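1. The following block contains a protein sequence and its predicted model.
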Amino acid sequence: MAGASGHHVAIVGGGPAGLMASDVLAHGGACVTIYDQMPAVGRKFLLAGRGGLNLTHSEPIEQFLQRYGGAELRLRSAIEAFSPADLCAFSGELGQPTFVGSSGRVFPQAMKASPLLRAWLRRLDTMGVTFKLRHRWVGWDEARGLIFDTPDGRTAVTADASVLALGGASWPRLGSDGGWVIAVAHAGIAVTPLRPANCGFLVNWSDVFRSRFEGQPLKRIALSFGGRSVRGEAMITKQGLQGGGLYALSAVLREAIVAAGHAVLHIDLCPDRSAAALEQKLSAPRRKQSLANVLRKAASLSPAAIGLLREASTELPQLAPATLASLIKAVPIRLAGIEPITKAISTAGGISFDEADANFMLRRHAGTFVAGEMLDWEAPTGGYLLQACFATGAAAGRGALQWLARLPAVTPA
């Protein structure tokens, strides 16, 4: 874009949002420097790919956008401009073609983040992007320069534009520690408090249940709360429950616990069978079979699922078939709390969208753009998190190019 050539842009944060903003800006002719507090960029991105890098999702765009809840309208333009199809094409450009899994989730064929990240960093290097590592951003000086704490002491950086992409506050050991909140709030910019998203929840298990079933999965279940029901899986932990099925309900469960101190989740252990069908199976003569054997054969329940039933009712052997069937279809689990934000997959809260314009530029800091998890949105796992980080990074990069185009041209030295 005309006017970008020669202008210096500082990108603060080397995750997907910051790297994407850098890519857009470097393609537009800007001189880009990425600053990151860690010894290497993309630490959390690499962790996201540890079990298979879920880049995005293949569902129709309108359904896709609904996953962002109240932030849908704020994110719509960015995601439509850099869509799931665009992200797949981008991955292919880096030599990492994608495929759609059985669940509709999209993965690179290598199933890892490291090959994509290495190829991306090579491309940024060929475009002249430079990296300043172990630079922790702490705020702005009186001249609105960026202040960094570095191994060599505190330093200030002046840039023609900047993009803040510092992430949320989950997995702080990988660099996303939410430390930016103090500096941003000090500048008068409204920040919704950061909260855990896609997180685990605390359950006061009995000692017997915890010792026997910690680390075991609950598969092919449905989880329900507040009129919403999702299919998925959950993992029994020492402290409670976590897993993909739970993450889809984490926002409403979190808010309920904040409001009332607890929430009652219901788990359907046999979502593909009706209560009537289960009752018929459970009404058959037991003869000398144990209840565990009956539940295993009649309802295909795992030992962990049977243990969950026993947690819910101390009178399980005495329950009538109809009552037992109803319990299997809706096991009540009292969630007593939320796991700490440092253990969450992602973060809710962040800089209010009202603080930024349509190009993701801060209204109180002209020339400063924001992207990624720093903004106040959340989404379930399934590719929605990374898609919004990539898309808002691209949008912030485009916005910065437009800003630079209005500045006086840089005279070559």
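-> That came through fine. Everything numeric in this text was worked out from a predicted model, so none of it was measured. Numbers count the residues shown, from 1 in each chain.
2. which intervals of the stretch 301-413 of the chain have sub-threshold pLDDT?
-> 410-413 (pLDDT under 70).
3. and if you look at the chain?
-> Low-confidence segments of the chain, defined by pLDDT under 70: 1-3, 410-413.
4. residue at max distance from the center of it?
-> Here the chain reaches farthest from its C-alpha mean at Arg287, the gap being 50.2 Å by Cα atoms, centre = their mean.
5. how close does Pro60 get to Gln66?
-> Pro60 sits 10 Å away from Gln66, going by Cβ to Cβ, to the nearest Å. Every C-beta, even on glycine, is put in place using the N, C-alpha and C of the backbone.
6. which stretch of helix or strand covers Asp149?
-> strand 146-150 (DSSP states H and E).
7. For that strand, which strands pair with it and how are they oriented?
-> Using DSSP bridges, strand 146-150 pairs in its sheet with strand 136-140 (antiparallel), strand 153-157 (antiparallel).
8. Can you list the buried residues in the last one?
-> Pointing back at strand 153-157 there. Of the residues in strand 153-157, those buried by neighbour count under the rule 16 or more other Cβ atoms under 10 Å are Val157.
9. now the first one
-> Under the neighbour-count criterion of 16+ other Cβ under 10 Å, strand 136-140 has Arg136, Trp137, Val138, Trp140 buried.
10. Please parse the protein into its domains.
-> 8-196+346-405, 201-338 (automatic domain parsing).
11. Give me the phi and psi for Gly200.
-> Gly200 has phi and psi values of phi -90, psi 170 when expressed as degrees, to the nearest 10.
12. when you give positions from now on, start the count at 41
-> From this message on, residue numbering opens at 41, which makes the last subject Gly240.
13. ok, now how distant is the closest residue to it other than its chain neighbours from Ala274?
-> Leaving aside its sequence neighbours, Gly240 sits nearest to Gln282 (Cβ to Cβ, 6 or more residues apart in numbering; 3.2 Å). Applying Cβ to Cβ, the value for Gln282 to Ala274 is 7 Å.
14. Same check on Ser143?
-> Taking Cβ to Cβ as the measure, Ser143 and Ala274 are separated by 16 Å.
15. higher neighbour count, these two?
-> Taking other Cβ atoms under 10 Å, Ser143 and Ala274 do not tie; Ala274 has more neighbours (25 against 14).
16. Doesn't that one belong to a helix?
-> No - going by DSSP: H, G, I helix; E, B strand; the rest coil, the assignment for Ala274 is strand, not a helix.
17. That one touches Leu281, doesn't it?
-> Yes - if you go by Cβ atoms under 8 Å, Ala274 and Leu281 touch, sitting 5.1 Å apart.
18. just curious, which of the buried residues of strand 176-180 is nearest to Lys383?
-> Nearest to Lys383 among the buried residues of strand 176-180 is Arg176, at 22.6 Å by Cβ to Cβ.
19. give me every residue that touches the closest residue to the closest one other than its chain neighbours.
-> Nearest residue to Arg176, sequence neighbours excluded (Cβ to Cβ, 6+ apart): Gln77, at 4.0 Å. Applying Cβ atoms under 8 Å, 6 or more residues apart in numbering, we find Gln77 in contact with Leu173, Arg174, His175, Arg176, Trp177, Gly215.
20. Repeat the analysis, applying 7 Å as the threshold.
-> Contact analysis of Gln77 by Cβ atoms under 7 Å, 6 or more residues apart in numbering lists Arg174, His175, Arg176, Gly215.
21. Distance of Leu375 relative to Gly266?
-> 12 Å.
22. how about JSON lines for the buried residues of strand 176-180, with distance to Pro56 added?
-> Formatted as JSON lines, these follow (distance: Cβ to Cβ, whole Å):
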{"residue": "Arg176", "distance to Pro56": "20"}
{"residue": "Trp177", "distance to Pro56": "18"}
{"residue": "Val178", "distance to Pro56": "23"}
{"residue": "Trp180", "distance to Pro56": "24"}
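23. and of these, the nearest to Thr432?
-> Trp177 (18.1 Å).
24. So what sits opposite the closest one in the bridge?
-> Here Trp177, judged by DSSP bridges, has bridge partners Phe188.
25. how about the strands of the stretch 91-240 of the chain, start to end?
-> 96-97, 138-140, 145-148, 170-173, 176-180, 186-190, 193-197, 201-204, 231-237 (DSSP state E, counting those that start in this stretch).
26. Can you say which of these is packed in most?
-> Among the strands of the stretch 91-240 of the chain, ranked by average contacts under mean count of other Cβ atoms under 10 Å, first place goes to strand 201-204 (a mean of 29).
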